[in-house]
Each structure stands twice: as structure tokens, then as C-alpha cells.
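Trainee: pasting the sequence and the predicted model now:
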Amino acid sequence: MSKPVCAQRAPYAMELEAGDYWWCSCGKSTTQPFCDGAHKGSGFAPQKFTLGEKTKVWLCGCKASAKTPFCDGAHKKMEE
């Protein structure tokens, strides 16, 4: 499997309602940070996550976090 595309070198800070969400792991989605199906045939798959209540989240934009779908600061260590 190839490396994902870095959609942006910062997290997506969002306040989301309770429910299920599908985070884009390939970086090719036009609806970042959520999946739009652009991964098909790439070996990547979206990552489902569920929120039990309205929550402020920071979703990974660089696709390098070890705690996906959430940001862990990996974008700060990426090379230009």
C-alpha cells in the first residue's frame, strides 16, 4: 500500500454532533476530513468513529497521526 496524501499540515478543528462519522484515511477526499469514496481501488479504507455527544474534535489532516482519526501532532514533524 502506498502512502496517503497529506490533505493539510494541520488538524481539522470541528464541533461535531453525536453520531457516526467516516474519516478519510487516503487524503484524496474532496470532503476532508470525511470520506467521499475517493479511496476506492487504493488499498485505503475510511475509518469509522462514533461520538456519544456533541464534541469538539481535532481530526488529523496530514494522515500521519498514530491516533487516527484524531490529531497527535505528527504534522509538526513532517518534512516540507
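Mentor: Thanks, I have the structure now.

Trainee: next up, phi/psi of residue 76, please.
Mentor: Note on residue 76: backbone dihedrals following degrees, to the nearest 10 are phi -70, psi -20.

Trainee: ok, residue 41 next?
Mentor: Dihedral pair for residue 41: phi 80, psi 0, per degrees, to the nearest 10.

Trainee: distance check, it against residue 31.
Mentor: Distance of residue 41 to residue 31, given as CB to CB, to the nearest Å: 18 Å. For the C-beta atoms, the positions are set from N, CA and C on the backbone; glycine is no exception.

Trainee: who has more neighbours, those two?
Mentor: Using other CB atoms under 10 Å as the criterion, residue 41 and residue 31 rank with residue 31 on top: 11 against 6.

Trainee: what's the closest non-adjacent residue to that one?
Mentor: Nearest non-adjacent residue to residue 31, counting by CB to CB, 6 or more residues apart in numbering: residue 24, 7.6 Å away.

Trainee: quick one: the one you found and residue 15, what's the gap?
Mentor: 19 Å.

Trainee: who's more crowded, those two?
Mentor: With neighbours defined as other CB under 10 Å, residue 24 and residue 15 compare such that residue 24 has more, 29 against 8.

Trainee: state the phi and psi torsions of the more buried one.
Mentor: Torsion angles at residue 24 (phi, psi; degrees, to the nearest 10) stand at phi -70, psi 120.

Trainee: residue 78 too?
Mentor: With angles defined as degrees, to the nearest 10, residue 78 sits at phi -80, psi 150.

Trainee: equivalent analysis for residue 59, please.
Mentor: phi -90, psi 140.

Trainee: give me every residue that touches it.
Mentor: Each residue near residue 59 by CB atoms under 8 Å, 6 or more residues apart in numbering is listed here: 11-12, 14, 23, 33, 69-71.
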